[in-house]
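K.L.:
Build me a model:
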Amino acid sequence: MTRLPWPVLDGEKMKFSHIGFGVNDIRTTMAAYADLAGFEWDTVQEHDVPLRGPSGEAEPSRALIAHGTTSDGLVIELSQQIGGETPDQFLLRGREGVSHVAFTVDDLAAERARLVGSGYRIIKEGSAERAKWLFVQDERLGGALVQLVEYLNGP
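P.N.:
The predicted model follows:
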């Protein structure tokens, strides 16, 4: 494996987590990635987690979510919107495709404060039993959403 001369997905404060895709049919997409690249898939889960938008008010959001992993550890997350507006659809507006790149952080509140202080726009935030997260969008990020995730009891 060729090593690039700079750290690509592993910073001091953040570690690469996954690449997120917004999809229209999660099970068909899972089967295609399993066939194409041997992805092993977790069970599809339905999440009904209210997100907070820029106004701070809770916004309903429901999605089917699945995580797949290759034999060398690459993780992708598939998200099929089934209610409300998911962060993926905030960017994709009804089309399918890569929507976000996710990184894990140890202290989400500190990272949020740092990002806001640097002028980044937090577009959605949420939490569940396993994790809390936020989505950042900014023209400096090349058109992608970036998700920061703090796992509460390990990934």
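K.L.:
what about the helices in this structure?
P.N.:
In the chain, the helices defined using DSSP state H lie at 26-37, 87-92, 108-117.
K.L.:
Packing partners of the second one?
P.N.:
Helix 87-92 makes packing contacts with strand 14-22, strand 75-84, strand 97-105, strand 121-127, strand 131-137, strand 145-151 when contacts are defined by 3 or more C-beta pairs under 8 Å, 6 or more residues apart in numbering; DSSP states H and E. C-beta coordinates here come from the backbone N, C-alpha and C atoms, glycine included.
K.L.:
Show the contacting residues for the nearest residue to Leu64 once chain neighbours are set aside.
P.N.:
Distance criterion C-beta to C-beta, 6 or more residues apart in numbering; nearest residue to Leu64, sequence neighbours excluded, is Gln80 at 4.3 Å. Applying C-beta atoms under 8 Å, 6 or more residues apart in numbering to Gln80 gives the contacts 22-26, 63-65.
K.L.:
Out of those residues, who's the most crowded?
P.N.:
Most neighbours among the contacts of Gln80, by other C-beta atoms under 10 Å: Gly22, with 26 neighbours.
K.L.:
Tell me how far it lies from Asp88.
P.N.:
Taking C-beta to C-beta, to the nearest Å as the measure, Gly22 falls 3 Å from Asp88.
K.L.:
Overlap of the contact sets of these two?
P.N.:
In terms of C-beta under 8 Å, 6+ apart, Gly22 and Asp88 are both contacted by the residues 79, 81, 99.
K.L.:
Next, count neighbours for the nearest residue to the last one once chain neighbours are set aside.
P.N.:
Of all residues beyond its chain neighbours, the one nearest Ser99 is Asp88 (4.0 Å), with distances taken as C-beta to C-beta, 6+ apart. By other C-beta under 10 Å, the residues close to Asp88 number 26.
K.L.:
any idea how far Ala32 lies from Glu150?
P.N.:
Distance from Ala32 to Glu150, by C-beta to C-beta: 31 Å.
K.L.:
again, but for Arg114
P.N.:
From Arg114 across to Glu150, the span is 14 Å (C-beta to C-beta).
K.L.:
Which strand residues bridge the closest residue to Thr43 other than its chain neighbours?
P.N.:
Take Thr43 and drop its neighbours on the chain: the residue closest to it by C-beta to C-beta, 6+ apart is Ala66, 7.3 Å away. With DSSP bridges as the criterion, Ala66 is bridged to Leu78.
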